[in-house]
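**Student:** Generate a structure from the sequence data that follows.
(chains A and B)
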Amino acid sequence: MYTQALDLPPSPEDKTQPVRLAPSADEASLQAQFDRRIDADGRIEPQDWMPEAYRKTLVRQISQHAHSEIVGMLPEGNWISRAPSLKRKAILIAKVQDEGGHGLYLYSAAETLGTSRDEMLAALHSGRAKYSSIFNYPTLNWADVGVIGWLVDGAAIMNQIPLCRCSYGPYARAMVRVCKEESFHQRQGYEALLAMMQGTAEQKAMVQDAVNRWWWKCLAMFGPPDADSPNSAQGMRWGIKRISNDNLRQKFVDATVPQAKVLGVTLPDPDLKWNEERQQHDYGAIDWDEFWATVNGEGPCNKERLATRVKAWNDGQWVRDAALAHARKQQQRTLKEAA
Amino acid sequence: MTTPALKEWPLWEVFVRSKQGLEHKHCGSLHASDAQHALQMARDVYTRRQEGVSIWVVPSATITASAPDDKGEFFEPASDKIYRHPTFYEIPDEVGHM
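**Tutor:** Residues are numbered from 1 along each chain as shown, chains lettered A, B, ... in the order given. All right, here's what the predicted structure looks like:
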């Protein structure tokens, strides 16, 4: 799963940072060294010097990406107990478990930048940190689970593959693992939809309805148009972002159109058509007001998702406490035996 | 909204041997309350698709690492010792593979 983190304005507490004084000569030379490495398409590792803004951008993006994986478990987790067969249930459990794992890889990568797991979770639970808006929409029926795999994960893969070449080593390595696993997510979703499309007229209608509800939201996952995405240029300069929002969105549209044809569904966009001249598809206008309203908390499930997440965290407190108590007891026993 | 303050589980580095005969390779890190717990978590987080036959977990705090700032003096002394590589030596073609 992916977050449009780079394109979101920094959270308010970022703005309270004191204005930085002019860099010292030492810092200027470190900056020059950093720039040279970025220009040479080199990688930055945790112990290397990096500009504060680079570090902050990465913490924001990686932690938001991690939060997206964790919150992303909720819309699908809902359907584990309602899956239509044991096979689909086992697949969905495996997928949701993967999302949890992806969250952990990403939290670990963010921690190498000097932020703690607890700080990041506190930011998520208090509502300060964002996660991908796509998860603030409801999964109304089983077809939604298939469409999430096919389109939401498909869009995520499009976004995440270039991140495997991100200039920050730990993030890039985490993304390599994530991308390997994500391919299963997309294929299982598409296959679940293929099965439904061989079913009754009602089942086919469910698939089409789910596609209609998710299509535009998936296009918005790539973030605002390049012209309205002022942070993108800096992300590109730093080698964090490799392909622009609009280019990724175009690739996604071009890849999805033939898949929809095989599946036997239409994409809900009357303006969607092949442009012979551009050798790409043209597509209609995205409703950015809706996108921003959801980012800013007005989506149909924002409150429910956060409340579920916080409840899960609070309900698990006794487990975390018990594990620590057990570890301490074991340690004391070992010390006593040694004495 | 209250999230109670807690003491974090310590950080562990995870090394996985992908198959018998290969070395353990660093693959990531995780938080766990103790070593046994870390092993269990490492299995769930890093070997969900038979990626390993053996796992090591090491407390991250116990790792001593070379400093990036010392990279020059630490590693560069080897850069002018090219005679340590087999390609430094010219051998007549007629000798064949050596």
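**Student:** Okay, now the unreliable bits of the chain?
**Tutor:** This is for chain A. A:1-23 (pLDDT under 70).
**Student:** That was the other one, I meant chain B.
**Tutor:** Under the criterion pLDDT under 70, the flagged ranges of chain B are B:1-7.
**Student:** Tell me the buried residues in the longest helix seen in it?
**Tutor:** Criterion DSSP state H: the longest helix present in chain B is helix B:35-46. Neighbour counts over helix B:35-46 (16 or more other CB atoms under 10 Å in any protein chain shown) mark B:37-39, B:41-42, B:45-46 as buried. In this view, the C-beta of every residue, glycine as well, is placed from N, C-alpha and C.
**Student:** ok now that helix, how far from the chain's centre?
**Tutor:** For helix B:35-46, the separation from the chain centroid amounts to 17 Å (computed by CA atoms, centre = their mean, to the nearest Å).
**Student:** Which secondary structure state is assigned to the residue sitting nearest the centre point of chain B?
**Tutor:** Nearest residue to the geometric centre of chain B (CA atoms, centre = their mean): residue B:26, 3.4 Å. On the three-state scheme (DSSP: H, G, I helix; E, B strand; the rest coil), residue B:26 is labelled strand.
**Student:** how close does it get to residue B:13?
**Tutor:** 6 Å (CB to CB, to the nearest Å).
**Student:** next one: residue A:139
**Tutor:** To residue B:13, residue A:139 is 37 Å away according to CB to CB.
**Student:** now swap in residue B:59 and tell me
**Tutor:** 8 Å.
**Student:** Helices of the stretch 201-339 of chain A, residue ranges please.
**Tutor:** Along the stretch 201-339 of chain A, the segments classed as helices by DSSP state H, counting those that start in this stretch run A:201-220, A:230-237, A:245-263, A:288-293, A:302-315, A:317-338.
**Student:** which one of those helices is the most hemmed in?
**Tutor:** Mean neighbour count (mean count of other CB atoms under 10 Å in any protein chain shown) peaks for helix A:201-220 among those, with a mean of 19.
**Student:** between it and helix A:245-263, how big is the angle?
**Tutor:** Inter-element angle recorded for helix A:201-220 and helix A:245-263: 170 degrees (by axes from the mean of the first three to the mean of the last three CA atoms, to 10 degrees).
**Student:** And helix A:201-220, what does it pack against?
**Tutor:** Applying 3 or more CB pairs under 8 Å, 6 or more residues apart in numbering or on different chains; DSSP states H and E, one finds that helix A:201-220 makes contact with helix A:142-147, helix A:153-160, helix A:169-197, helix A:245-263, helix A:288-293.
**Student:** can you map out the helices along chain B?
**Tutor:** Using DSSP H, helices in chain B cover B:35-46, B:71-75.
**Student:** gap between the last one and the chain center?
**Tutor:** A distance of 20 Å separates the centroid of the chain from that of helix B:71-75, by CA atoms, centre = their mean.
**Student:** re earlier: any residues touching the longest helix of chain B, and which ones?
**Tutor:** Contact with helix B:35-46 is made by A:97, A:101, A:104-105, A:323, A:327, B:9, B:12, B:14, B:16, B:27-28, B:30-32, B:52, B:55, B:57, B:59, as judged by CB atoms under 8 Å, 6 or more residues apart in numbering or on different chains.
**Student:** For ChimeraX, write a command that selects the buried ones of these.
**Tutor:** Selecting only the buried entries of those in ChimeraX, with 16+ other CB under 10 Å as the criterion:
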select /A:101,104,105,327 /B:9,12,14,16,27,28,30,31,32,52,55,57
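**Student:** Filter the contacts of helix B:35-46 down to the ones in strands?
**Tutor:** B:12, B:14, B:16, B:27-28, B:30-31, B:55, B:57, B:59 (DSSP state E).
**Student:** In JSON lines, list those along with distance to residue A:195.
**Tutor:** Formatted as JSON lines, those follow (distance: CB to CB, whole Å):
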{"residue": "B:12", "distance to residue A:195": "41"}
{"residue": "B:14", "distance to residue A:195": "37"}
{"residue": "B:16", "distance to residue A:195": "35"}
{"residue": "B:27", "distance to residue A:195": "35"}
{"residue": "B:28", "distance to residue A:195": "35"}
{"residue": "B:30", "distance to residue A:195": "36"}
{"residue": "B:31", "distance to residue A:195": "39"}
{"residue": "B:55", "distance to residue A:195": "37"}
{"residue": "B:57", "distance to residue A:195": "41"}
{"residue": "B:59", "distance to residue A:195": "47"}
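**Student:** Between these, which sits nearest residue A:251?
**Tutor:** Closest approach between the ones in strands among the contacts of helix B:35-46 and residue A:251, by CB to CB: residue B:28, at 29.0 Å.
**Student:** Who does the closest one form a beta bridge with?
**Tutor:** residue B:14 (DSSP bridges).
**Student:** Touching, it and residue B:15? I think so.
**Tutor:** No - Residue B:28 is not in contact with residue B:15 according to CB atoms under 8 Å; the separation is 9.5 Å.
**Student:** what residues does the stretch 101-250 of chain A put near chain B?
**Tutor:** By CB under 8 Å from any CB of the partner chain, the residues of the stretch 101-250 of chain A that approach chain B are A:101, A:104-105, A:108, A:111, A:116-118, A:121-122, A:125-127, A:173-174, A:177, A:181.
**Student:** Can you confirm whether stretch A:27-35 lies near chain B?
**Tutor:** No - for a cut-off given as CB under 8 Å from any CB, stretch A:27-35 has no contacts with chain B; the smallest distance is 10.1 Å.
**Student:** Give me the distance from that stretch to the chain's centre.
**Tutor:** The chain centre lies 31 Å from the centre of stretch A:27-35; the measure is CA atoms, centre = their mean.
**Student:** related to what we said a few turns ago, contacts only, for the residue nearest to the centre of chain B.
**Tutor:** B:13-15.
**Student:** Now flag whichever of these is closest to residue A:76.
**Tutor:** Of all those, residue A:76 sits closest to residue B:14, with 26.4 Å by CB to CB.
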